[in-house]
Every structure is written in structure tokens, then in C-alpha cells.
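Visitor: 3D model of this:
(2 chains)
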Number of protein chains: 2
Amino acid sequence: MLIVQKFGGTSVGDLERISNVAKRVAKTKEQGNDIIVVVSAMSGETNKLIEYAKHFSKTPALKEMDMLLSSGERVTSALLAIALCDMGYDAISLSGRKAGIHTDEMHTNARISHINTKNMKKSLNEGKIIIVAGFQGINENDDVSTLGRGGSDLSAVAIAGAMGADVCEIYTDVDGVYTTDPRIERRAKKIDKISYDEMLEFASLGAKVLQNRSVEMAKKLNVNLVTRSSFNENEGTLITKEENIMEEPIVSGIALDKNQARVTLRNVKDEPGIAAHIFSTLADNNIIVDMIIQNVGHDGSANLGFTVGENDLESAKNIMQRLNAAENLEFDNNISKVSIVGVGMKNHTGVASLAFTTMADNNINIEMISTSEIKISMIVDEKYSELAVRSLHEAYNLGDRE
Amino acid sequence: MLIVQKFGGTSVGDLERISNVAKRVAKTKEQGNDIIVVVSAMSGETNKLIEYAKHFSKTPALKEMDMLLSSGERVTSALLAIALCDMGYDAISLSGRKAGIHTDEMHTNARISHINTKNMKKSLNEGKIIIVAGFQGINENDDVSTLGRGGSDLSAVAIAGAMGADVCEIYTDVDGVYTTDPRIERRAKKIDKISYDEMLEFASLGAKVLQNRSVEMAKKLNVNLVTRSSFNENEGTLITKEENIMEEPIVSGIALDKNQARVTLRNVKDEPGIAAHIFSTLADNNIIVDMIIQNVGHDGSANLGFTVGENDLESAKNIMQRLNAAENLEFDNNISKVSIVGVGMKNHTGVASLAFTTMADNNINIEMISTSEIKISMIVDEKYSELAVRSLHEAYNLGDRE
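Guide: Take a look at the predicted model:
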């Protein structure tokens, strides 16, 4: 098997942890596998360098940020190679450039354009363990570029795709994807297998295990992705094609996102295109609007409600006050989004009604609803959010499945 | 003018100091010069990374050490570029590779083979301030290599040579080269100009301002080298061709090296080639022998004395005991080497006799002597070494010149 293993910042957070990673890589090699390892910078390093840069400039030159930030992964990759060589393995570190990772010109947030696998294939043929500095590549100008947040995951998935790896293992400090947050519901179970689409919903809904960009790329390149912990031997969660999952449960899990805020416009002015104007202005200011509800009151007055991320609430407030599009503006920070995710919903009826019944049985008012083929999201008062999660987890029998 | 400025680890030791370097570079630019800056890693960084590597291996793979150690200079170069850009200057950082510094394959101690000046010339033509990550280059295998101790000085001198710079300024924490160590003789004066050969003698004799490799390269490439402090505006010392120095003083300075030890063999065995055998064995063990004295006693017995660096004394002892080449072995750690350096000596007589007279006047016994065209070295009892330096400094009027 060809296995790509990616270790994040906390997994290589100190020298002892790097030693543990070396042992794990060695073990995988001993089992007869070919391995490409992708590493992040030691945790804290990247933030330290960003602070340094901010000392000199509020808007540091992006090209220089890439030169600066790419150094951390180089350090980790060299240290891991040194550790493995000392254990008697033939290991080499490769910078993003040497690994053949080519990107576009967008400094600090580059996209991988293609991977030249020549060096990696040569080293694998020579029996070497390859350690790639994640998060970075080289652009058309022959300058170092970095891939933005979650960039090392992207490096790993792209390499797994280009090299035709059997699996791409993403190591973090959690065991995998859970049916819900175990801190809220102690009966939450680790999910063994989940489809790309469900994972994308979970990631959008605030699950922090993997970022959407990596899952999207895994889906596109058909890479079997496993997320697991570097601190134990537990199996982790396989994220794969829907077809690869024999018995898809109807509902895979319950997600909770507390970082939501609601903006309500009462008595919106009766002007053509007013809603379009509101949402295009928000978009121009990089504010992502999630759910939208528009209704007409008994008296014919139009009301408009939408949700944004909590961090964007202040900017949204300013924009709404400037636009002056309604008689009355309300802002509510105390809401949460509870979501039910599962590809099985597509073929089952009654999933939504069970959700609504469960909420009603617990006297939780659903303030907004949005649905997709594989997801139902509900906005509730923040103080009921944990109760909602636990009740739904119970209602869909998630704690008992397996 | 095209000026190369090199800032060492202490000069970029923290963010405040990097700001000061940026101001100095900006000022040089404002004076109408083109500038290439070469930077070291922030002081402490390289040692930290070496410690990390040693945690994993007593003999870390050298190729990986280069990947590891080259990161520090990349960080400094990016930070300095960010600082200069923020001040409104068009500055870019270049890794050793991007600066076109090509080396041989000797990882961690590579030699610069050639410099491809294309990128640097292009950036200078665009009016940019170039910041080069020192200490590193790229080898024939397209792998990062580093240049060993003093490597950033070498980068700077080689770039100055390849680009035909008018001057290469090496910034450290001292003002330049002094007639002798100011801690020993407070009347010591900074030397304004000194020839390459004199500087080479000073460097060999323990002056820590510049390493021989850099001075040798400057001499070979005919680069005007200036060593000066990054912490003040003092002029520094120009190291240049002998012809460029109009009035060469007879003696330029007095050097003191306390890290010397002496080995004496009494009644050396009367075997053919015994001395050759002794010195070739020492050389095979990488022990550098400095001075050698051989004499025949009144009774026809042969004595042999030589000096080695203090650090090599233990190994020299072991070798001598194993060789068993003489009836009697003596080891003396309490000696120092006092040297008088000056190209003017070549054309002046009486320089040596003044030295010997001065020592005699102070009742200092000269235990060994060695001379070259531009240097007289004397081994004295360590306890007289400061007195010897001060007396010679006075005798050659070094404190009063200018």
C-alpha cells in the first residue's frame, strides 16, 4: 500500500511528539507500506512568525509572508527525517518545491495547480520514506507560495491524489468524526465511515476536524481520507465515496454551531430590488449570509431575517444601519444552529418530521429552518442548543448504533 | 555605488534590531546607492535548531541539517523585507537559491562554485533593495546547502565579487579591527585601513572580527571589505589591496592568542624519520601544529618542541604517549602567543630587534619564535602575555599613530 500520513501542528508540537510521529511512521513502513509523510510547522511557530511580521507592518507584503511562513514546515520535515534516519530508515525531507507542488500566484492563499511527481516517485522507488514540508509550493515565478489555513491537509490530499495513494491519513488530536460533540453528549460515538458530502456538511457546520477545501479536493481526486488521532492507536473515521459505504445510516450525526447571529429587518421598504441590494452589499463586504427568511405580515408589511457568523455581526450592523432599508432593525447574538446530517435522508421520509417532533416535545422553538438533500438546519435560542443536540442524538438513536 | 551590507546574528538579534537595520539600509538607499543586503539568522536560532537535531541524532544527516539550518536566514530576510516595504521601499527577499548561489555537494560545509547574477541584476535594475538569506545556496542536486561557520560573510563577499560591488560592509557588534585588544590595552586604536594579508594574519592569530575564509575570498575576488558596527555610525576598518593603502605603517597591530599549549620531547630517540612520523601522526588526527623548535643539547641529545591549540592538547598527549618517541615528555598549558603584524615589515629592518629588546627590557623570556614576511610571533609564559602586548603596543607607537 502507498500511504500518505499528515501530522498537524499539535502532533509535532514538541521534540517528544516528533519522536512519537517517527515511531508511528516507522511502524507503518515495517508493515510493508510505502509512505509519504506531510508535516505542519510545530504548533505555535506559525503564529510566532505572524506576530513578528505584524511588528513591522499591518499589511506585510504577501510574498514575504510566504517566504517567512514556509520556514516552519521545512524545520519539522528536516527534524522528522533526522529522527527516522537515526532509527535506521532511509528518509529524506522535501520542500514543497522539491516535492513538485506547483501553485498559482496567489501568495498566502495559493491553489495547487499541479504536482510534478518525478522526485517523489524516484525516492519511493529507492525505498525512501519521504517527508514533505506541507502548506507550501512553488509558483510560476519560482517563488515560494503557501496554501492558507489548512494548507498542510491540502498538500497531503493533493499528493495522495497525484501519487494514487491507497489512503491519506490526517492525524490530529481527536479520534475522528463523532455523531456529535462528545463534550455535549457523552454517548456520542465515533463514526467509522462517512461520505464526502456528509463530511462537507459537518465541516461547514463547525466541526473542526477537517476543512472544506481538503474534503472537496479529496472528493474531486477520489482520495480515501482518514482522520485519526496521533496520540493513540484508534482507527479513526474514513471519509470516502458514498458507494464505498455499504450500510449508510439515515442520519450520521448532529452538528452544533454557536457562532451564529441573526439580523432581522421589520417593515422592509417597498422598493424593487431592495433584498438584492442588501445581500450584494453584504457580499461585497465579504460577509457570508447563511439562512434567509422572508415573510409578509398580516398587515402586508414585509419582514426579512438572515443569519451571519458572530464575527461578522458588527460589520453587518454597520452596513444595515447605513443602508436604512427597513423601519426597524434587530440583532440577536444568542442563537445557535443545530443540524442533522445524513446521506440516508435522501431516500427516507420522515427524517425532518422526527426532528420537528423532538424539538416540540422539548418545548424548543425553531426560529428558522433550512434544508438540503442531506441536511436539516434549525436556528434555536442558544440556551436550548445543548438540549436540542442531546434530544436529537437520542431521537435518531445515534448513541446506540454500530 | 553598489553596496553589499551584511548583518550578522547579533545585528538582527531581535525585532528592534531588525528595525534598526532597516533604517540603516533605507539611509544607504536614500544616499543614492544600490544595495544588496545579506542577513544571518537571528542570534540563537541556529543553535536552537542544532540542539533540536541533536535531540534526535548524534550524527544527524548532513543534508537534513542544511534543510533545517537554512530556515533561520529565510526568516530574517523576509522580516527585513517586510520592514522595508512598510517604510515605503521596494524590497524583496531572495533565498540562496533565488539569489543564484550555487555550491558544491559538501552538505553543511559547502563551497560556493559560482553565482548566477540574473535575478539580482534584474531586481537591482527595477530599483529594488535585495535581501539575500545568507549562509546558504543550492547544489547540483537542487538541494539546499549551507556554507559552514561564517557562511553569511562568505555569501556577502561572493555576491559583492560577482556583482562588482564597490564595497562589502560586514556589520558586527565591534567597530572594526584594532591595533590590539582594547580590553588589554585601553589605548588601542581602530585601524582605518589594513591589507588582506595582514587581516589574514590577525584572523589566524585569534582576532574574531572576520574569518579567514571570507578574507581569502575577498582577496581573491578583489572585494573592498569593511568591518564596522551595526550599533553606531563609526567608520569601521577597510580591508583592501596593499596598493590601495598609501602609507602603510610598519606595524599594524599586536595580536594575542592564549589558546596555545606546548609539547616538549626531551631526548628524542635517534631513529631516521622520527620527526616526520610524529608530525604526520598529528596531522592524521587533525591536530594543527603551529610552531616547531628542534635543537641538540650539549650532550648530543635531541629535543623537540611544538605548539598546538589548547583544545588539541589532550589528543596530542595521548598520541605522544602512544608513539613513545622520546625519553621524556612535557606538556605546558600556560603559554601564550604574542604576534606583531605589519606588511611594512617587509621593507623595514629592525622590527624584530625592537620586539626582542622590548621583551628583554620587561624581563619577559621568549620561549619560541616564528616569523613570516609580515609577522613575528613569540611564545611567552601566559602570565606575562598582557604585559608583552602593552609593551609592544607602546614600543611600536601604535597608540599614537593617526
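Visitor: going forward, measure contacts between C-alpha atoms and count neighbours the same way
Guide: Noted.
Visitor: please enumerate the strands of the stretch 51-200 of chain A.
Guide: When assigned using DSSP state E, counting those that start in this stretch, the strands of the stretch 51-200 of chain A occupy the ranges A:91-94, A:101-103, A:112-115, A:129-133, A:136-138, A:144-146, A:167-172, A:193-195.
Visitor: what residues does the stretch 301-402 of chain A put near chain B?
Guide: With CA under 8 Å from any CA of the partner chain as the criterion, the stretch 301-402 of chain A does not meet chain B at any residue.
Visitor: nearest to chain B: which residue in the stretch 301-402 of chain A?
Guide: Residue nearest to chain B within the stretch 301-402 of chain A: A:Ser315 (27.1 Å; CA to the nearest CA).
Visitor: now the residue nearest to A:Ala261 when sequence neighbours are not counted: how far from A:Thr307?
Guide: Leaving aside its chain neighbours, A:Ala261 sits nearest to A:Asn333 (4.5 Å; criterion: CA to CA, 6 or more residues apart in numbering or on different chains). Computed as CA to CA, to the nearest Å, the A:Asn333 to A:Thr307 distance reads 10 Å.
Visitor: then A:Cys168?
Guide: Taking CA to CA, one finds A:Cys168 at 35 Å from A:Thr307.
Visitor: since we're on the residue in the stretch 151-300 of chain A that chain B sits nearest to, how many residues are nearby?
Guide: Minimum separation of the stretch 151-300 of chain A from chain B (CA to the nearest CA) falls at A:Ser152, amounting to 18.0 Å. Counted with other CA atoms under 10 Å in any protein chain shown, residues neighbouring A:Ser152 total 28.
Visitor: if I pick it, what's in contact with it?
Guide: Contacts of A:Ser152 were listed using CA atoms under 8 Å, 6 or more residues apart in numbering or on different chains, and they are A:Lys6, A:Gly8, A:Val38, A:Val39, A:Ser40, A:Gly134, A:Phe135, A:Gln136.
Visitor: what's the closest of those residues to A:Pro182?
Guide: Nearest to A:Pro182 among those is A:Gly8, at 21.5 Å by CA to CA.
Visitor: that closest one - nearest residue in space that isn't next to it in sequence?
Guide: Nearest non-adjacent residue to A:Gly8 (CA to CA, 6+ apart): A:Ser40, at 5.0 Å.
Visitor: that neighbour: what's it in contact with?
Guide: A:Ser40 neighbours (CA under 8 Å, 6+ apart): A:Lys6, A:Phe7, A:Gly8, A:Gly9, A:Val12, A:Gly72, A:Glu73, A:Thr76, A:Ala133, A:Gly134, A:Phe135, A:Ser152.
Visitor: so the second one makes contact with A:Tyr171?
Guide: In this case it means A:Phe7. Yes - contact criterion CA atoms under 8 Å: A:Phe7 and A:Tyr171 qualify, at 5.0 Å.
Visitor: which residues are common contacts for the two?
Guide: In contact with both A:Phe7 and A:Tyr171: A:Ser230, using CA under 8 Å, 6+ apart.
Visitor: quick check: residues of the stretch 51-200 of chain A near chain B?
Guide: So far as CA under 8 Å from any CA goes, the stretch 51-200 of chain A lies against chain B at A:52-53, A:55-57, A:59-61, A:64-65, A:67-69, A:71-72, A:74-75, A:78-79, A:81-83, A:85-86, A:92-93.
Visitor: mind checking which of these are buried?
Guide: Buried by 16 or more other CA atoms under 10 Å in any protein chain shown: A:52-53, A:55-57, A:60-61, A:64-65, A:67-69, A:71-72, A:74-75, A:78-79, A:81-83, A:85-86, A:92-93, out of those.
Visitor: for stretch A:37-49, which positions count as buried?
Guide: Neighbour-count burial for stretch A:37-49 flags A:Val37, A:Val38, A:Val39, A:Ser40, A:Ala41, A:Met42, A:Ser43, A:Glu45, A:Thr46, A:Leu49 (criterion: 16+ other CA under 10 Å).
Visitor: which stretches in the stretch 301-402 of chain A count as strands?
Guide: Using DSSP E, counting those that start in this stretch, strands in the stretch 301-402 of chain A cover A:302-309, A:326-341, A:368-372, A:375-381.
Visitor: what pairs with the second one, parallel or antiparallel?
Guide: Here strand A:326-341 has these sheet partners by DSSP bridges: strand A:253-268 (antiparallel), strand A:375-381 (antiparallel).
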